[in-house]
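[1] Dropping the sequence and predicted coords here.
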Amino acid sequence: MQTFTSFLPAAIVLTSFIGSVAVFFTKKNQNLREVWTFITAAINIVLLFRMAKWILAGNTYTYHIAEVLPGLPLFFNVDGFGMLFAFVAGSLWIVTSLYSIGYMRPLKEHAQTRYFACFALAISATMGVAFSGNVLTMYVFYEILSLSTYPLVTHHQDNEARGGGRKYLTFLLTTSIGFALPAMIITYLNTGTLTFSNAGIFSQTADPTLLLVLLLLFLFGFAKSGIMPFHVWLPGAMVAPTPVSALLHAVAVVKVGVFCVLRILTGVFGIDLLSSTSLSTVVCVIASITVIVSSLIALTQDNLKRRLAFSTVGQLSYIVLGAGIATMYGVMGSMTHIAMHAFGKITLFFCAGAIYVATGKKYISQMVGLGKQMPITMIAFLIGSMSVIGLPLTGGIISKWYMVLGAMDSGRIWILIVYLISSLLNAAYFFPIVYNAFFCKEEDSQYPNKIKEAPLPALIPPVLTAIGTFLLFIYPELFLNFAKVAVGVSK
Amino acid sequence: MDYILNHFNYIIVVIIMMLGLWGMLSLSNLVKKLISMAIFQTGIILFYISMGAKKGSSIPIIKQAYDDHHHPIHQTINHIDYANPLTQILMLTAIVVGVATLGLGLALTQRVYSEHKSLNEDEILESLS
Amino acid sequence: MIDQAPALIVVIPLLAALFITVIGVYKPRLSWILTVLTFVITSIFTIITLKQVVVIGPVYYMFGNWPAPFGIEFVIDHLNALIIAMISIVALLVAIYSKHDVKKELGDKIPHFYSLFTLLVTGLLGITMTGDAFNLYVLLEVSALTSYALLALSKGRAYIATFNYLIMGTIGACFYLLGVGYLLINTGSLNMADIATIINANTYSYAVLAAFLFIMIGMWTKMALFPLHGWLPNVYTYAPTSTSCLLAPLMTKVSVYVMLRMMTSVFNYDYIFNVLQWQQVIVALAVLAILAGSILAFRQDNLKRMLTYLIVAEIGYMVGGAWLGNVNGFTGASYHIIADGFMTLCLFLAIGCIIYKIGDSSLASMKGIFKKMPLTMVGFLIGAFSMIGIPPTCGFFSKWYLLSGAYEAGAWPFFVALLVSSLVNAILFFRIIEVGYFHALPEEEPNHNHPKHKRDEAPLSMIIPLLTTAGLLIGIGIYTADIVTYLIRPFINTFL
């Protein structure tokens, strides 16, 4: 167990930032512009791998950025959990960039430079959140992420985008300024620190009412995690182009939300404090309600992207629920689920986008019989949905397995029931899509004529992520080990 | 009664200032407002002057007596004999400031009149809305 | 030279003002260069003084070598060293910025503008540094009179607005003078430090109460605290662009500083917070100011006018913070003077650029502004983020301290009002951003060859100050810890 002081975490945040600037200044030359994206993404991955080895050995990296408030600096501290998240974001960024090119160019979208620049900026902020060493740093990057993704969400610049963008910022800023900021200040004034620590920063004797209020403020304050009733922005933000939805809603934005909530639960409150008080139950109840309700709403949606959005809301609360159980396995499961769900969900979004590029169809009722025309896309979709449901042969089951173990450890049977019901509901809203796509009667098919698969840049990414989802079933250690390090289990 | 008699200067000052303040805030004619402003400022000047004044004292210039050879004669200076010079000097400055304000105010009033063809604040505001 | 810095900071612009008037008659073009030069030198001296204060502590300067209670003394402690630095830097930026704007808006009155401009800043610098209560009154009137004259250089509705400002400003100054009169009766002295020692030695009489009350009312009128704010929006809205850029960041903030100065160096903590115990009422007033400013700002369609109401709300921040009566509240109020000064400057400069190019600052004219003036909008965005309180801009950190202070004092209404105001600011600014971002430019003439979205920025002499200010907002934010530890805390330690 060592702590390295190193520029590496800052370098990772900076490369994406510099990449964003470079993209902005090479708007004349499309190809050169895209090259920048890949170069920075590649550098990121290389740097991440350099750190990974040492992180897995149980060490941490710190880098002090600036002391903005006396005794309360902005600083990075990379541990297993941060590393896990950075890996997810960094690897999926490359795939998404490839996909973006395949999606944006054929559709001749406008303002592509702004799009790629903001994209890189969003990744930079995401990395910043992942590496944050205290709540203040996390908050700073959280806000930067909210703002830098606004141009992405409203990319189409029409009335619909405007409505979605308005909802997006209203919910995110209201909650972060109205709830998270005061919670952070009150925490600081009561404890004198905001640095994450696995033991939590509150003393066991802290006033329970205060703790409860702070917990609620933090839970709802990081509204990117989509806990009801502050989930409204998520379906609204589906107006964005599909690659954005994919990255934002599977990787960067929503995962930053749950990452923050998890960090708060494990690093500020601490598992011991949660489990020894009734706070754990509070988190579990709130998350469970969201899990069930959002799954029910998802059943009723006909727009594919909206159905996926509500599915995301449910899955995010899964992650919160796992941490809320406040046992070691639960937390490990929920950390791993960030990665597993990211791969599964991004596959689904990629498929939705590929379908849109190939056929121009957005609604589930229009997808009957599609399987025979676009088999590759639909098989990828099947794998993605299996992972989200949590079936074997996909990574999703691993994380769910740990969460269920955690629930049993804590002795709360009703959480098991919540997991069961929600898995059934997940199956109920995904399988009909796949089933209708493949096994419809010839005369019901909406695609009597032959249509082609989407162009290669839009087709390869879902295949890659689908394969990734499968590989994560065989080699879950990749992310599981980070989670183990994070909760302090020796291998 | 004694209290009033002992403090009659302050009471007068307060009355003058209140008159001025009332005029500045409630009269609608711009020139009347400026006149009230002058009254208000005069009230404050009187306030300062009266706090420095003493019964039977002279202006604060030290009378120097000389002997036949034009040498100054040493004498004890009693501060009771002189009014407090500080307040008077302060008010000299305040008067200058007051005059400048008044002048600027009148010049502005002129501009207002040439712009709106009226000196009545209510009318001007009505014409603007 | 360095020993004389406190005097030179005031004397250089004062002489420059006279010089500019004379030179301006013959060579109007020179007046701009002279003004910029003056403030370059003044800024250098203020920064030298700032450094000196940090290293060796407060600087005392006796004019004409008359010892303190008799002569006029300039006292530069940790806080006002920072504030004079802010004033001179703001003046420098606005001076550079005003070159094209003044030519366009004021035409042949260029030398008048610059000599009044310089004199106004002289007054503000003097107010901040002086240690003499009556001297403060004189300098207050110097800056007020020049500001009336500057505002009256404009045309149309500005006259009547300025007239009202003159009336309210005079009332404020007179109340201050009256308060000083009571202090003089009570102590026989005009030197602030001297008054403080004499007051502390005696029991607090009604005369001290009256003095405090009148001085505070005077300053609240000058700074436009909520029920006394009526004059402000009209004045700043109808003023010429460069004038409002100078007045909006400085005038109210300096009045706030005078309030802080009076609370700290003339009266004392024990008297204000334990004997008088007005804090509940004043903080409630501040809450009203914040809410009223935010709500009124919401109803405006004109950007400049909207900003003026936001100033009213920001005044509530500072007054409320100062009257919380704890370290964090005071830190927040002091820090916010600097932060808000630059924030307001940034937004007014951006709006000025827009007015310069489009001729209008109504919300409707913002359509497609992001395409047309991207650099201006970068500055505007950073200013807006700071107003909303998004890290790492300085607005976030002042809010941090104010919220901490409110929490410690248990002033929940103030706590909530601060958050509500941030949210209202967010909505206000994103409304503008939305209009600028989503609406396409109004269609130009069809025979025009250029593409529809043509870039058309304000001149560089306007853009550079704007972007510098935007940079300063982030810089100040990042160096908050240093500012607080080395400048604001030492000042507060002398008081609490």
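    Perfect, I can see it now.
[2] How about residue C:390, nearest residue that isn't a chain neighbour?
    residue A:143 (5.0 Å; C-beta to C-beta, 6 or more residues apart in numbering or on different chains). (Each C-beta comes from the backbone N, C-alpha and C, glycine too.)
[3] and that neighbour, how many neighbours?
    Using other C-beta atoms under 10 Å in any protein chain shown, residue A:143 is surrounded by 24 other residues.
[4] go on, residue C:201?
    8.
[5] what helix or strand does residue 11 sit in?
    The chain I'm using is chain A. Taking DSSP states H and E as the definition, residue A:11 sits inside helix A:8-25.
[6] I was thinking of chain C, sorry if that wasn't clear
    helix C:5-26.
[7] mind listing what's buried in that helix?
    With burial defined by 16 or more other C-beta atoms under 10 Å in any protein chain shown, the residues of helix C:5-26 counted as buried are C:5-10, C:12-14, C:16-17, C:19-21, C:23-24.
[8] can you tell if the helix or strand of chain B with the lowest mean pLDDT touches chain C?
    Within chain B, no helix or strand scores below helix B:2-6, which has a mean of 77 by mean pLDDT, DSSP states H and E. No. Using C-beta under 8 Å from any C-beta of the partner chain, helix B:2-6 stays clear of chain C, with a minimum separation of 13.5 Å.
[9] Pull out the buried residues from stretch B:26-41.
    B:27, B:29-30, B:32-41.
[10] Same list, the residues you listed, but as JSON lines with distance to residue C:399 please.
    Putting those into JSON lines (distance: C-beta to C-beta, whole Å) gives the following:
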{"residue": "B:27", "distance to residue C:399": "42"}
{"residue": "B:29", "distance to residue C:399": "45"}
{"residue": "B:30", "distance to residue C:399": "42"}
{"residue": "B:32", "distance to residue C:399": "45"}
{"residue": "B:33", "distance to residue C:399": "40"}
{"residue": "B:34", "distance to residue C:399": "42"}
{"residue": "B:35", "distance to residue C:399": "46"}
{"residue": "B:36", "distance to residue C:399": "42"}
{"residue": "B:37", "distance to residue C:399": "39"}
{"residue": "B:38", "distance to residue C:399": "44"}
{"residue": "B:39", "distance to residue C:399": "45"}
{"residue": "B:40", "distance to residue C:399": "39"}
{"residue": "B:41", "distance to residue C:399": "41"}
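[11] Show me what the helix holding residue C:11 is packed against.
    If you count contacts as 3 or more C-beta pairs under 8 Å, 6 or more residues apart in numbering or on different chains; DSSP states H and E, helix C:5-26 packs onto helix C:28-56, strand C:59-62, strand C:73-76, helix C:110-129.
[12] Which residue would be the closest one in the stretch 1-150 of chain C to chain A?
    Closest contact between the stretch 1-150 of chain C and chain A, by C-beta to the nearest C-beta, is at residue C:78 (14.7 Å).
[13] right, and the residue nearest to residue C:390 touches residue C:389 too?
    No. Applying C-beta atoms under 8 Å, one finds residue A:143 not in contact with residue C:389, separated by 9.4 Å.
[14] The biggest helix by length in chain C - contacts with which helices or strands?
    With secondary structure taken from DSSP state H, chain C has its longest helix at helix C:327-358. Counting by 3+ C-beta pairs under 8 Å, 6+ apart, the packing neighbours recorded for helix C:327-358 are helix C:78-106, helix C:241-261, helix C:303-323, helix C:369-372, helix C:374-388, helix C:394-409, helix C:460-478, helix C:489-493.
[15] and those, which one is worst for confidence?
    Here the lowest mean pLDDT among the helices and strands packed on helix C:327-358 goes to helix C:369-372, at a mean of 82.
[16] Okay then, goodbye and thanks.
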